[in-house]
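Asker: next one to model:
(2 chains)
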Amino acid sequence: MTALIQASGLTILRPGGSETVLQGVDFQIRPGEIVTVVGPNGSGKSSLVRALLGHMPLAAGRVERRPGLRIGYVPQRVQVDTTIPMTVRRFLSLPRRVGDRDAARVLARTGVGGVEARQLTQLSGGQFQRVLLARALLHDPQLLVLDEPTQGLDQPGIVAFYKLIEEVRRQTGAAVLMVSHDLLVVMRASDRVICLNGHVCCEGTPQHVSSAPEYRALFGAESEGTLALYRHHHDHDHDHHHHAGAH
Amino acid sequence: MLDDFFIRAVLAGLGIAAVAGPLGSFVVWRRMAYFGDATAHAAILGVAISLAFQVSIYAGTMLVALAMALAVSALVAREQAMDTMLGVLSHSALAIGLVAISFVPQARSDLSAYLFGDILAVGRGDLALIWAGAAGVLALLAWRWQRLLTASLNEELAMAAGIDPRVERLVLSLALAVLVALSIRVVGSLLISAMLIVPAAAARGLSRSPERMVGNATLIAALAVMGGLWASLHLDTPAGPSIITAAAAIFMVSQAFRRA
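Answerer: Now for the predicted structure:
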């Protein structure tokens, strides 16, 4: 098996219900690849990620992870309660204790060197995301899984964060699986994009996906920006409602 | 030395403080204040059942408290807005316990001992049980420490590291039930959750790491025990409430020294 994670026919039900969140999804990610999952709210992006990690029961289908696969994970909306006093240094040692040198190394790599003694709650949003990424980089992951890692960051912060992801991939060779809302930037940083809406609407290179009618039906006006970004030739068909209706 | 009722009281109180420090920190971190209340209030029902069926009060309260802790933690895992539900459970458990205990004649007379504790009446057997139980709970918390801390910080991060947050919730529920059973004679059902929350809340502002907070909370709980018992001896005030009053006084002073 060359893929790091290979999944086929994934079907997931809403907890305690019979509605499907995801239906018949096939997925794979290979070493060193940056794959981004985009889709509207409630399209099952986070459920897909959690199923791939084995955190969620499957109604049907199967997930195969390469044996011994080391995954670094940054969940969606990590909030650290102010009731827990926690320095960055202590946080990096949860749940597995790490040495000072390793802690300093990952913090420096994500551009937040020297914040060890700061309380988590005193970090800015961007710093906190970088600390989470640093923690995910401990123990040499072969795959980084980032669920909406730029939530709450401003535009320059988002651009800087994706630049960092590409840099980390180049330095470590780790594959990256991201869930994102930031269509324009994230797609530029990806090798492959999966457009999800309860099932896989379309999949392929960013150029391919951004010109696919299914993608444009889902994202409407914003997809125009993506198209412009790629200067992709298209026929100026603005009749998105037609596609949405057919969907 | 153990012949002196006052020495026994101090030792019993310190045994409770040793557990209330770390466990109270988790209660504060996980915002489980009402959870502690519900579990502690269920202890009164446990006392009624123990007396009615003539089993050990420690065993009865522990079982009922454990049942309550498990029920509450199952509910919390399912729903988000839980404070109303926890309020209902907590107050119902107390009321039902008080009604049940009224059917047990020998308990009616010393009801206040179960509500507010009777630390000055702690015997050698109680003392042995309190310290054995405290050692057991501390060993459990120390064994699971890194996992408990990760799960309390963020359940998704915990799951990614192969930790099952449900197991850690179960560990805390069990520890809480044991503490409630141990404390019923010392500070009583109504004051147990105060013993959990007040020292830990006082320690929060003085601490920069979870371990420091546990240490500070334990120290504050121990000071409160000694201060409360001293007041009880010299001012003839009720022991349990005096201990909590001392803890509250330390909390207020601690607010002036908040660092983080």
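Asker: which residue comes closest to residue A:169 once chain neighbours are left out?
Answerer: residue A:176 (5.7 Å; Cβ to Cβ, 6 or more residues apart in numbering or on different chains). (C-beta placed from N, C-alpha, C; glycine too.)
Asker: the one you found and residue A:143 touch, don't they?
Answerer: Yes: counting by Cβ atoms under 8 Å, residue A:143 is a contact partner of residue A:176 at 7.5 Å.
Asker: secondary structure class for the residue nearest to residue A:169?
Answerer: Classification of residue A:176 using DSSP: H, G, I helix; E, B strand; the rest coil returns strand.
Asker: same check on residue A:151?
Answerer: coil.
Asker: assign the closest residue to it other than its chain neighbours to helix, strand or coil.
Answerer: Sequence neighbours aside, residue A:77 is the residue nearest to residue A:151 in space, at 6.3 Å (criterion: Cβ to Cβ, 6+ apart). The local conformation at residue A:77, judged by three-state DSSP, is coil.
Asker: distance of residue A:77 relative to residue B:19?
Answerer: Distance, residue A:77 to residue B:19, by Cβ to Cβ, to the nearest Å: 33 Å.
Asker: and those two? which has more neighbours close in?
Answerer: More crowded of residue A:77 and residue B:19, by other Cβ atoms under 10 Å in any protein chain shown: residue B:19, with 27 against 11.
Asker: for that one, what are its contacts?
Answerer: Applying Cβ atoms under 8 Å, 6 or more residues apart in numbering or on different chains to residue B:19 gives the contacts B:133-134, B:137-138, B:175, B:178-179, B:182.
Asker: now do the buried residues in the helix or strand harbouring it.
Answerer: Per DSSP states H and E, residue B:19 falls inside helix B:5-29. Buried positions in helix B:5-29, judged by neighbour count with 16 or more other Cβ atoms under 10 Å in any protein chain shown: B:8-29.
Asker: helix or strand right after that helix?
Answerer: helix B:33-52.
Asker: kindly calculate the angle that that following helix makes with helix B:5-29.
Answerer: On the basis of axes from the mean of the first three to the mean of the last three Cα atoms, to 10 degrees, helix B:33-52 is oriented at 140 degrees to helix B:5-29.
Asker: now for helix B:33-52, which elements pack on it?
Answerer: For helix B:33-52, the packing partners by 3 or more Cβ pairs under 8 Å, 6 or more residues apart in numbering or on different chains; DSSP states H and E come out as helix B:5-29, helix B:57-78, helix B:83-102, helix B:105-108, helix B:111-116, helix B:165-183, helix B:192-204.
Asker: would JSON lines of those helices with mean pLDDT be doable?
Answerer: JSON lines is the format used below for those (pLDDT from 0 to 100):
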{"stretch": "helix B:5-29", "mean pLDDT": "95"}
{"stretch": "helix B:57-78", "mean pLDDT": "86"}
{"stretch": "helix B:83-102", "mean pLDDT": "87"}
{"stretch": "helix B:105-108", "mean pLDDT": "74"}
{"stretch": "helix B:111-116", "mean pLDDT": "88"}
{"stretch": "helix B:165-183", "mean pLDDT": "93"}
{"stretch": "helix B:192-204", "mean pLDDT": "95"}
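Asker: for residue A:121, which of these is the nearest?
Answerer: Residue A:121 sits nearest to helix B:192-204 of all these, at 11.9 Å, using Cβ to Cβ.
Asker: I'd like the next helix or strand past that closest one.
Answerer: With DSSP H and E, the next secondary element past helix B:192-204 is helix B:210-235.
Asker: can the helix or strand just after that following helix be found next to chain A?
Answerer: Per DSSP H and E, helix B:210-235 leads on to helix B:239-255 as the next helix or strand towards the C-terminus. No: applying Cβ under 8 Å from any Cβ of the partner chain, one finds helix B:239-255 separated from chain A by no less than 13.3 Å.
Asker: what number of residues lie near the residue nearest to residue A:169?
Answerer: Residue neighbour count, defined by other Cβ under 10 Å, stands at 25 for residue A:176.
Asker: out of the helices and strands packed on helix B:33-52, which one sits most buried?
Answerer: Each of the helices and strands packed on helix B:33-52 was assessed for mean neighbour count using mean count of other Cβ atoms under 10 Å in any protein chain shown. The highest is helix B:192-204, with a mean of 28.
Asker: got a list of contacts for it?
Answerer: Applying Cβ under 8 Å, 6+ apart, the set of residues contacting helix B:192-204 is A:83, A:85, B:16-17, B:20-21, B:23-25, B:27-28, B:33, B:36-37, B:40, B:43, B:179-180, B:183-184, B:187, B:212-221, B:224, B:243-244, B:247-248, B:250-251, B:254.
Asker: chain center to it, what's the gap?
Answerer: How far helix B:192-204 lies from its chain's middle: 9 Å, per Cα atoms, centre = their mean, to the nearest Å.
Asker: ok and that helix relative to helix B:57-78, angle-wise?
Answerer: 60 degrees.
Asker: can you name the residues of the stretch 51-200 of chain B that neighbour chain A?
Answerer: B:146-147, B:149-150, B:152-154, B:156-161, B:163.
Asker: now tabulate these in JSON lines and tack on secondary structure and distance to residue A:125.
Answerer: Below are those laid out as JSON lines (DSSP: H, G, I helix; E, B strand; the rest coil; distance: Cβ to Cβ, whole Å):
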{"residue": "B:146", "secondary structure": "helix", "distance to residue A:125": "27"}
{"residue": "B:147", "secondary structure": "helix", "distance to residue A:125": "28"}
{"residue": "B:149", "secondary structure": "helix", "distance to residue A:125": "23"}
{"residue": "B:150", "secondary structure": "helix", "distance to residue A:125": "22"}
{"residue": "B:152", "secondary structure": "helix", "distance to residue A:125": "22"}
{"residue": "B:153", "secondary structure": "helix", "distance to residue A:125": "18"}
{"residue": "B:154", "secondary structure": "coil", "distance to residue A:125": "16"}
{"residue": "B:156", "secondary structure": "helix", "distance to residue A:125": "18"}
{"residue": "B:157", "secondary structure": "helix", "distance to residue A:125": "17"}
{"residue": "B:158", "secondary structure": "helix", "distance to residue A:125": "22"}
{"residue": "B:159", "secondary structure": "helix", "distance to residue A:125": "23"}
{"residue": "B:160", "secondary structure": "helix", "distance to residue A:125": "21"}
{"residue": "B:161", "secondary structure": "coil", "distance to residue A:125": "23"}
{"residue": "B:163", "secondary structure": "coil", "distance to residue A:125": "26"}
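Asker: what helix or strand is the residue nearest to residue A:123 when sequence neighbours are not counted located in?
Answerer: Among residues not flanking residue A:123 along the chain, residue A:131 sits closest, at 6.4 Å (Cβ to Cβ, 6+ apart). Using DSSP H and E, residue A:131 sits within helix A:125-137.
Asker: restricting to C-alpha, output that helix in PDB.
Answerer: The C-alpha trace of helix A:125-137 is given here as PDB (Å, rounded to 0.1, in the frame of the first residue of the first chain):
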ATOM      1  CA  GLY A 125      -4.700  33.700  17.700                       C
ATOM      2  CA  GLY A 126      -1.900  33.400  15.100                       C
ATOM      3  CA  GLN A 127       0.700  32.500  17.800                       C
ATOM      4  CA  PHE A 128      -1.600  29.900  19.300                       C
ATOM      5  CA  GLN A 129      -2.200  28.200  15.900                       C
ATOM      6  CA  ARG A 130       1.500  28.100  15.400                       C
ATOM      7  CA  VAL A 131       2.000  26.500  18.800                       C
ATOM      8  CA  LEU A 132      -0.600  23.900  17.900                       C
ATOM      9  CA  LEU A 133       1.200  23.200  14.600                       C
ATOM     10  CA  ALA A 134       4.500  23.000  16.500                       C
ATOM     11  CA  ARG A 135       3.000  20.400  18.900                       C
ATOM     12  CA  ALA A 136       1.700  18.400  15.900                       C
ATOM     13  CA  LEU A 137       5.300  18.400  14.500                       C
END
